[in-house]
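In: Need the 3D shape of this:
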Amino acid sequence: MEELEKNDIAQQYFEKDAEILGDNGVHPKDVSEQGGGVIKSSYWKFIGGFFALLLVGFIGIPFIGNYVQEQEDKAQEEKFAAGVQYMQEMQERLKNDTDGGATAQETLALFTAALKKGDIEQANKYFVIEPKDRQEGLIDVLKNIQESGRFEEFVGYVEDVDFMSNSSSGSVAIFRNINKEGIADVSLEITKDNYSTVWKIEGLMF
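Out: Numbering: from 1, shown residues only. So this is what the prediction gives:
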């Protein structure tokens, strides 16, 4: 009995809703059909979007991979070209450097003469020009000696250095001033680069 009453009430609400929809020009059947159409439309949109994403993935991922590889190759080529250019410019600087002697002894004599005159700027020109940090380091060593108040002492030691040894390649010469205790008061290393026409001071210890 209660079940029948519930069904009657539900039927009454359904009929009432139908009347309201009818008054607004909408048939219940149309609502049902519209709902189904919306669901079908959303379904096909989802399917279409899904396949579109797959297509973009298949096409886009290889494209992105190729693009990244091309950029890496380009960067490597530019880096190599920059390295080649640097080497060429360095070789050119070494070839054009004329501050020094044709032998290690000549360079030592020029360096000593500049020191005796107190011409630090000229003395610095006999230091190697490459690598740049080595040149700057040697300039600092000479500057520190001058500022320490022992410059005259240093010059005296340089004047009395003796040739100690030469490398097997013949491109490195060592000069030292050895005191009575067998310790070097001054040591100079003078070298010649393959691309240079003059010998340059590469090492200085005091």
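In: How much space separates A104 from G118?
Out: In this structure, A104 lies at 23 Å from G118, with CB to CB, to the nearest Å as the measure. In short, each C-beta sits where N, CA and C put it, glycine included.
In: So between these two, which is more surrounded?
Out: Between A104 and G118, counted using other CB atoms under 10 Å, the more crowded position is A104 (25 against 12).
In: thought that one was touching I174?
Out: No - with contact defined as CB atoms under 8 Å, A104 and I174 do not form a contacting pair (9.0 Å).
In: Need the residues touching each of the two.
Out: Taking CB atoms under 8 Å, 6 or more residues apart in numbering as the contact rule, A104 and I174 both touch 163, 190.
In: the strands in this protein, which residues?
Out: Here the chain has its strands, by DSSP state E, at 162-166, 172-178, 184-191, 200-205.
In: Check which helices and strands the last one sits against.
Out: Under the contact definition 3 or more CB pairs under 8 Å, 6 or more residues apart in numbering; DSSP states H and E, strand 200-205 sits against helix 104-117, helix 132-148, strand 184-191.
In: residues in contact with that strand?
Out: By CB under 8 Å, 6+ apart, the list of residues contacting strand 200-205 from outside reads 97, 99-100, 107, 111, 126-129, 134, 138, 141-142, 172, 184, 186-193.
In: quick one on the thing from earlier: could I get the strands of the chain as a markdown table with mean pLDDT?
Out: Compiled in a markdown table, those are given as follows (pLDDT from 0 to 100):
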| stretch | mean pLDDT |
| --- | --- |
| strand 162-166 | 89 |
| strand 172-178 | 96 |
| strand 184-191 | 97 |
| strand 200-205 | 97 |
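In: Can you check which of those strands gets nearest to Q71?
Out: Proximity of those to Q71 was assessed by CB to CB; the nearest stretch is strand 200-205, lying at 40.7 Å.
In: quick one, that closest one and helix 104-117 angle?
Out: Strand 200-205 and helix 104-117 meet at an angle of 60 degrees, taking axes from the mean of the first three to the mean of the last three CA atoms, to 10 degrees as the criterion.
In: for the protein, what are the low-confidence residue spans?
Out: Scanning the chain with the threshold set as pLDDT under 70 gives 1-46, 48-61, 63-65, 67.
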